[in-house]
Structures are given as structure tokens and as C-alpha cells.
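Colleague: here are the coordinates; sequence isn't available:
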């Protein structure tokens, strides 16, 4: 698509620890854009954005929509996306800033980019350092060692998902696990017990799991609390808590497939000789 309209949208990530995890390109867009639109929860990061942006629009108050009867988080996200698009339609270069990575658990950026492109505007996303990146570094886990499965906690609960307990499992947002209203920003021990019971189909209840929280400023240290799976319903969870479940069992060799693979060079060689 040829972009002829003057408005432009760039979605950037500020990283988890903004001071050291903001890419030079993201910072350049934040400084030079006509307007920066963001819903960054960390007040220090928010103040920094306000100081360097030409104009700053904060979207945090939009979450108050969830207190209105009949509205839920997705209504709020659509309103945030619409605010971003209004600025683009006004012909401005708009930088939408999201903490972490702008495309991971940030549906607003995807909605805004899709809408902007559909209307003929230039729109792009720049990668940022996500909580998952920090998790791998802080916990010393290599997803390549056993493989990794990553999904949102409530999505896992309400859909038929097949787990592989020989792989690393990451469940995001256990703080709102089991909330079907999309209006709450917390969970209950009863809902967490439902989560534990479903996980117990594949994992022992005494399996060690990790409650992880990435540090969000240079003075913090990441949270890395190890508990037993059975104790999750009584654990302290925060909005940024991630449930990390290491592999519970060792990988089992698929000898039949290994034998097939080992036989391939010999079979290919014999075919070449008879050709």
C-alpha cells in the first residue's frame, strides 16, 4: 500500500527498566514525534516521557472505564486505540509508547496499527525488551534446552490446551486468572485453585514453580520466589507476577524417528549408486 496521508504511527517499547532498556531508535521517536501517547504505569518512566516528549497524552485514566456498568477491559483498549488514531488522523507523527515490548500483551498497539494501515497511514512497530526477555536472563533459563510454551493464564484455563510437562511453561497474568468478566484486576484463591487443579493433570502438586516479577527501575531486584504448585492459591500475586513452571519430566527419546533419520543417509547413498 502506498501511504499518501501525512499522519504516521510508530509503536515503541520502553523496556521493563526504561533507563537502560530503551533502544536508541525508540528514544529518537519519543523525542521527535509530534505527540507521545502512553499508558505507562511506572510513575518515574511516565515523568521521563513527559519531560522529553513535545506533547504527552496519558491514557491511564481510561482504565476507570472498567467501573462503568457494561464496560470491560476490551472497551477500554478500543478507546485507547481510538485516541491514538485521532492524533494520526490529525496529520501528526504519533509515537505510542508501551512498557516492555509494544506487541506482547499489548493489544492496543496491534489494534491501532491495523486501523491506521487500513485508513492508508504509515504505521510500524519497533521491538522492545519484554518481561519474557528479563525472565530468561534473571532466572538463567534457556528456552532452547527443553522448548518453551507461553500463554495467558485465563486462556489456558478456559480452553482445551495440550501441555508438554517436559518443556518450560510460562503463564502470564495469573493475577487475573479465571476472571471472565474482563472487568476485574485481581483473582481469588478459588479461581487459582481451579488453575492448580487443571495444571495438576500434567504436573505433580509438589512441583516447584516460580513467581517472577521483572524489576522496573534500577533500584529494584526481580522477584524470583519458588513455591510448590499446590501453594499457588495462597501465594501473593501482583499485577506484574508471572508464573514460571520448569519442566517436570525429562525428555524421552523417540527412538523410532531416530532410527528413521539414521537410515536416511544409507538409503540415499544406495539410491544414488543404483541411479
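Modeller: Alright, I've got the coordinates. These figures come from a predicted structure and were not determined experimentally.

Colleague: For the residue lying closest to residue 149 once chain neighbours are set aside, give me phi and psi.
Modeller: Nearest-residue entry for residue 149: residue 169, 5.0 Å, with adjacent residues in sequence omitted and distances by CB to CB, 6 or more residues apart in numbering. Where you see a C-beta, it was placed from the backbone N, CA and C, and this is true even at glycine. Residue 169 adopts backbone torsions of phi -120, psi 130, taken as degrees, to the nearest 10.

Colleague: List the beta-bridge partners for residue 169.
Modeller: Taking DSSP bridges, one obtains residue 149, residue 245 as the residues bridged to residue 169.

Colleague: How many residues are close by it?
Modeller: Residues within reach of residue 169, counting by other CB atoms under 10 Å, total 24.

Colleague: what does the one 5 residues further on give?
Modeller: Here the neighbour count serves as a burial measure; for residue 174 (other CB under 10 Å) it reads 24.

Colleague: contacting residues for the residue nearest to residue 149?
Modeller: Taking CB atoms under 8 Å, 6 or more residues apart in numbering as the definition of contact, the neighbours of residue 169 are 148-150, 163, 244-245.

Colleague: one more time with 10 Å
Modeller: Contacts were defined as CB atoms under 10 Å, 6 or more residues apart in numbering; by that measure residue 169 touches 146-151, 156, 163, 199, 202-203, 209, 243-248.

Colleague: do residue 18 as well
Modeller: Residues near residue 18 by CB under 10 Å, 6+ apart: 26-27, 40, 42, 44-46, 48-49, 97, 99, 128-129, 216-218.

Colleague: Go again with 6 Å.
Modeller: residue 45 (CB atoms under 6 Å, 6 or more residues apart in numbering).

Colleague: if I look at it, how far off is residue 240?
Modeller: In this view, residue 18 and residue 240 are 14 Å apart by CB to CB, to the nearest Å.

Colleague: Just confirm residue 124 is within a strand.
Modeller: Yes. Note on residue 124: a strand contains this position according to DSSP: H, G, I helix; E, B strand; the rest coil.

Colleague: That one bridge partners, please.
Modeller: When bridges are taken as DSSP bridges, the partners of residue 124 come out as residue 10.

Colleague: Relative to residue 29, how far out is it?
Modeller: Distance of residue 124 to residue 29, computed by CB to CB: 10 Å.
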